[in-house]
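>>> Here is the input, now give the coordinates:
(one chain, ligands or ions: 3)
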Amino acid sequence: MAVIGHRTTLQEFVTSDWEGNGQHDGLDAVIMAIAEGSIRVQRQVQQASLADALGTTGETNVQGEIVQRLDTASSDIFVETLSQSGHIAVIGCEEIEKPVIVEGLVADGYIVLMDPLDGSSNIDVAVSIGSIFGIWQKKPGETVNEDSLLRPGNEQVAAAYVVYGSSTVLVLATKNNVCGFTLDSESGGFALTHPNIKIPADCPYYSTNEGNNKVLDEPTQKAITLLRDKYSQRYVGSLVADFHRNLLKGGIFAYPADQNRKEGRLRLMYEANPLGYVAEQAGGAASTGYERILDIIPQQLHQRTPLILGNKDVVEQTVSVIKGG
Ligand code: AHG
Ligand code: MN
Ligand code: MN
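Ligands and ions are numbered 1, 2, ... in the order given. Sure, this is the predicted structure:
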């Protein structure tokens with residue numbers, strides 16, 4: 001039975017939310033392309049085991065990581081749906097070395113940077129995974145090339161992610177607000193279930209890989225110890241799922257730099273910038289431990305970054321300890 005009932009659908013929301021806002025023509029089509037792609041990815045994730053589609057491709061990606069077959073399938077699906085939206089100029093993707101420049105765009109379009117499937121280590125074991133998207137607008141008259149993607153996070157016009165969990169939820173952040181939409185598997189559409197999300201002031205949870213403690217520098221160890229002493233630990237190992245919990249329930253996610261990962265573990269353009277934008281729009285914060293994530297001027301498409309993300313006050317306290325304060 002379809003249960004969307006009286007709820008606002010994502011299609012209605014993106015049409016009305018931007019009504020009269022001429023600056024962002026076509027953004028509704030980009031969001032709907034993400035939604036369409038995520039419904040296809042969600043189906044593949046659910047059916048993968050039955051379809052013998054799990055496991056690795058035998059290849060490593062540009063970042064030296066093992067590629068899962070679902071990583072590639074998700075990347076292909078989103079490149080297809082975004083390209084067909086008619087409003088995309090260029091796509092940057094964690095799994096693709098060079099940007100995908102979309103031909104035949106007539107009007108000014110959007111730049112999308114994405115992690116098509118986040119949480120590789122959980123793909124084969126029925127644990128929540130997701131997809132993450134940062135969205136920038138092409139500069140007027142700009143001819144896009146590889147450098148067009150190297151824009152700071154503070155220039156994003158929107159960001160979104162989808163969690164494939166016990167339900168499938170799409171969270172969309174714009175300059176107006178952050179809202180969550182749940183997939184109704186019967187009707188096949190997303191409907192508004194989480195209007196105007198704000199990170200709760202209370203911070204019950206911290207999320208970090210405690211196994212890295214021994215390779216942290218001393219101030220960072222101290223910062224993690226303070227979190228451990230105060231909050232309950234929750235760590236899925238899928239950033240998108242850890243972030244989603246902390247966004248709705250209150251919490252902080254920390255993947256700081258360490259001796260083995262001097263640049264950090266997570267990707268600036270595909271993970272930190274989009275989720276940093278969502279966090280800030282919901283009243284939270286995102287930092288490397290030294291600077292605001294959204295202010296970083298990117299040097300490379302696939303660059304990594306340390307990431308401290310979530311409840312604003314707790315991020316600020318944690319950053320001050322990491323800095324040695
Ligand atoms: P991806 O699957 O896109 O490569 O990202 C995996 C990331 C992220 O989802 C998660 O927070 C982190 O890896 C977990 O890393 P550890 O296994 O080192 O804790
Ligand atoms: Mn990821
Ligand atoms: Mn990924």
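
>>> wait, what's in contact with Val215?
Residues in contact with Val215 (CB atoms under 8 Å, 6 or more residues apart in numbering) are Asp258, Gln259, Asn260. Where you see a C-beta, it was placed from the backbone N, CA and C, and this is true even at glycine.

>>> now, which of these lie within strands?
Of the contacts of Val215, none are assigned to strands by DSSP state E.

>>> Please indicate which of those are buried?
Among the contacts of Val215, those scoring as buried are Asp258 (criterion: 16 or more other CB atoms under 10 Å).

>>> Let me have the contacts of Val215 in TSV, extended by distance to ligand 3 and pLDDT.
Output for those, formatted as TSV (distance: CB to the ion, whole Å; pLDDT from 0 to 100):
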residue	distance to ligand 3	pLDDT
Asp258	20	97
Gln259	24	97
Asn260	20	96
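
>>> and the contacts of Val215 as TSV, adding distance to ligand 2?
Converted to TSV, the contacts of Val215 look like this (distance: CB to the ion, whole Å):
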residue	distance to ligand 2
Asp258	18
Gln259	22
Asn260	18
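
>>> Format the contacts of Val215 as JSON lines; extra columns: distance to Val178.
Formatted as JSON lines, the contacts of Val215 follow (distance: CB to CB, whole Å):
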{"residue": "Asp258", "distance to Val178": "30"}
{"residue": "Gln259", "distance to Val178": "35"}
{"residue": "Asn260", "distance to Val178": "33"}
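
>>> Start from the N-terminal end of the stretch 201-325 of the chain and give the strands.
205-207, 232-233, 251-255, 266-267, 285-287, 304-305, 307-310 (DSSP state E, counting those that start in this stretch).

>>> In stretch 258-272, which residues are buried?
Result for stretch 258-272 [16+ other CB under 10 Å]: buried residues Asp258, Gly264, Arg265, Leu266, Arg267, Leu268, Met269, Tyr270, Glu271, Ala272.

>>> give me the number of residues near Ile322?
Number of residues near Ile322 (other CB atoms under 10 Å) recorded here: 25.

>>> re earlier: so which of the strands of the stretch 201-325 of the chain comes closest to ligand 3?
Nearest to ligand 3, of all the strands of the stretch 201-325 of the chain, is strand 266-267, at 8.2 Å by CB to the ion.

>>> Need the pLDDT of Gln63.
If you check Gln63, the pLDDT there is 80.

>>> SS state for it?
Using DSSP: H, G, I helix; E, B strand; the rest coil, the structure places Gln63 in coil.

>>> which element is Ser74 on?
helix 69-83 (DSSP states H and E).

>>> Could you give me the buried positions within that helix?
69-79, 81-83.

>>> again, but for stretch 282-302
By neighbour count on 16+ other CB under 10 Å, the buried set for stretch 282-302 is 282, 284-289, 292-294, 296, 298, 301-302.

>>> what does stretch 216-234 give?
Leu216, Pro219, Thr220, Gln221, Ala223, Ile224, Leu227, Tyr231, Arg234.

>>> which ones are touching Ile66?
Per CB under 8 Å, 6+ apart, neighbours of Ile66: Thr56, Glu59, Thr60, Ser120.

>>> I figured the third one hits Val67, correct?
Meaning Thr60. Yes. Using CB atoms under 8 Å, Thr60 makes contact with Val67 at a distance of 6.5 Å.

>>> ok so, going back, closest one to ligand 2 out of the buried residues of helix 69-83, please.
So of the buried residues of helix 69-83, ranked by how close each gets to ligand 2 (CB to the ion), first place is Asp71, at 9.5 Å.

>>> Looking at the buried residues of helix 69-83, which is nearest Asn212?
The nearest member of the buried residues of helix 69-83 to Asn212, counting by CB to CB, is Asp71 at 23.2 Å.
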